[in-house]
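> no sequence for this one, just the structure:
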């Protein structure tokens, strides 16, 4: 009897460290945030009044909070480019390519850089007469726009920066999945006379379907919650503000933590719903290749 | 197996340590009435803690034996310290973070004394006064105005400060005409905070009670009113193409040597910026005497008016466990340390002599005005701005975007929208 209860406790003891960290630093703060979202707390004082659903009503009725989601479209479109580039390189580098380890390093390197550093590097790149203009000048392109100053281009510049930074991560996800496909399959396919494209189309693509669909979920939730790059590079000015930047500004510039919490909860719910819809459309079936 | 257990124990104790660390943010030592023990001073001047402040600390400890003064520099001051205030561990004496409301200041800070009494010996004593008590006091004052490279202006034929916004714009045009390489006015759009100085010239109307009247006005951006004049000047500068080419890539640190060298002709800041620009001039081998300080181009009754006000104010945390020492430090810092003089700032004690820069500035016929803090309406202004979600930086950046044609609208539509938002919040707060 005694042994049984100890046995029952053992798995909990092993996971206790992880559980305590998870609960303390994830679930408690989220629960607090949901609590704040029903108050008019200013983020500081010990007093806060319950205001019911007022904050949510404000978020849903004021178009200023919704317009910024249009900016997310730039990042969403860019994430398709990101997935395509990553998939291409992951496939090419999974075959025997010369210097493949070197290229893997080159592709993954941007992801290792601190996001703030990336922001600053690209800030200099995009300056008038900066690196990008100089390089384009070598090719005889003189009349370049203001990469960040022109409101029609600013978001594209920022989204490209985001692609540059995150392609490495997607690439590594794809590469790992591709390498878990048993090598005999390629050999068999080669004996059957399949070329590289056919190998990709009928072995690699179905083999990493789950990772590709995961990338799309990440792309959607990622593009809704873009923050770092536009925050560092433009601080949301010039029409590059995103929903998260607006949330931060609401909380810390206007000291309306209650309202900002409601915005954060709304974003969380949106991401959850999108993930759920995506799982309905693309069911998570097991892929067997052998 | 044994090693795995050890790992688990290690992880557990790490978690326990984390949890405990969260709870142990208490103060140390010291009786409440006696001067002695340790105090912690939070400052935004991270550049001075190991040099000037360390010397001040040693001097203070010599005057009051048994005391220890510790300094902590905080880089991202306003946000970090605001968070720490709520957590209750913001030291004993600290520079007041910007953007707090009256209720918050009363909750988190200790009154320093009756405003009437303090006002007899100190300038700026009424800036953070609520119900007759002062909660925070400046450690040095600054005058508002324009930092210019007077050589560049003289090259364009202008040697005297322009007296109207129109003259100023004409001056910028003349600079642009005489040397197209020079940026006549630099907004510092990317860094954001420098554009808020267009809010800092409220003395130009010569009305010392403007702060009390401010929250009572249902529409700030109307012709003849301060916000219309100041923001209007910013709009016209940008609209006429007299500011930097790409505002999104401006750089504050770079703007200092650029002004010193004459690549930039003017920036609206404050007298505090003059020593920094002169230092930049010396660093790059330019002439520091080219840097001049001019009043905002607007006259009331034929006179320029410049606002003098406390720069960063200091206050004592209500969570301090050593308030007597904290107060002694603050008084000593204001009266005896010589900090204001070392920064070219206006000394806070009324008998202190004005620094040379400010005296020269006043000698050109500028009346220095200390604005009276809002009384009845104290704190209302910040409240209205917060509810209206009008942020001094963000809306001026948008104004610049509109002016340079990067966003839809024009001056009329933009100010109409601002008036609408301000008006709704104003009605809400002032009822």
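Now that the structure is in, tell me what you want to look at. All values derive from a computational prediction rather than experimental measurement.

> from here on, contacts and neighbour counts on C-alpha atoms
Fine.

> in the host helix or strand of residue A:8, what counts as buried?
Using DSSP states H and E, residue A:8 sits in helix A:2-22. Neighbour counts using 16 or more other CA atoms under 10 Å in any protein chain shown place A:14, A:17-18 of helix A:2-22 among the buried residues.

> tell me which of the residues you listed is nearest to chain B?
residue A:17 (5.6 Å; CA to the nearest CA).

> show me the contacts for the closest residue to chain A within the stretch 1-150 of chain B.
Relative to chain A, the nearest point of the stretch 1-150 of chain B is residue B:86 (5.0 Å; CA to the nearest CA). Residues counted as contacts of residue B:86 (CA atoms under 8 Å, 6 or more residues apart in numbering or on different chains) are A:43-45.

> just to revisit the earlier point, just the buried residues of helix A:2-22 that are near chain B?
A:14, A:17 (CA under 8 Å from any CA of the partner chain).

> Can you lay out the buried residues of helix A:2-22 as a markdown table showing pLDDT?
Shown next, in a markdown table, are the buried residues of helix A:2-22 (pLDDT from 0 to 100):
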| residue | pLDDT |
| --- | --- |
| A:14 | 89 |
| A:17 | 92 |
| A:18 | 93 |
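
> for the buried residues of helix A:2-22, which one is nearest residue A:138?
Nearest to residue A:138 among the buried residues of helix A:2-22 is residue A:18, at 54.2 Å by CA to CA.

> Can you give me every residue that contacts that closest one?
Counting by CA under 8 Å, 6+ apart, residue A:18 has no contacts.

> same thing with residue A:250?
Counting by CA under 8 Å, 6+ apart, residue A:250 makes contact with A:256-257, A:259-260, B:389.

> for residue B:309, same thing?
Per CA under 8 Å, 6+ apart, neighbours of residue B:309: B:124, B:141-143, B:370-371.

> Now tabulate these in CSV and tack on pLDDT, secondary structure and distance to residue B:326.
Formatted as CSV, the contacts of residue B:309 follow (pLDDT from 0 to 100; DSSP: H, G, I helix; E, B strand; the rest coil; distance: CA to CA, whole Å):
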residue, pLDDT, secondary structure, distance to residue B:326
B:124, 86, coil, 20
B:141, 88, strand, 21
B:142, 89, strand, 25
B:143, 90, strand, 28
B:370, 86, coil, 27
B:371, 86, coil, 28
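
> Please indicate which of those residues are buried?
Using 16+ other CA under 10 Å as the burial test, the contacts of residue B:309 include B:124, B:141-143, B:370-371 as buried.

> can these go into a markdown table with extra columns for distance to chain A?
Below are the buried ones among the contacts of residue B:309 laid out as a markdown table (distance: CA to the nearest CA, whole Å):
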| residue | distance to chain A |
| --- | --- |
| B:124 | 25 |
| B:141 | 25 |
| B:142 | 24 |
| B:143 | 26 |
| B:370 | 27 |
| B:371 | 25 |
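
> can you put the residues you listed in a markdown table and add distance to residue A:94?
Shown next, in a markdown table, are those (distance: CA to CA, whole Å):
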| residue | distance to residue A:94 |
| --- | --- |
| B:124 | 70 |
| B:141 | 66 |
| B:142 | 64 |
| B:143 | 66 |
| B:370 | 72 |
| B:371 | 71 |
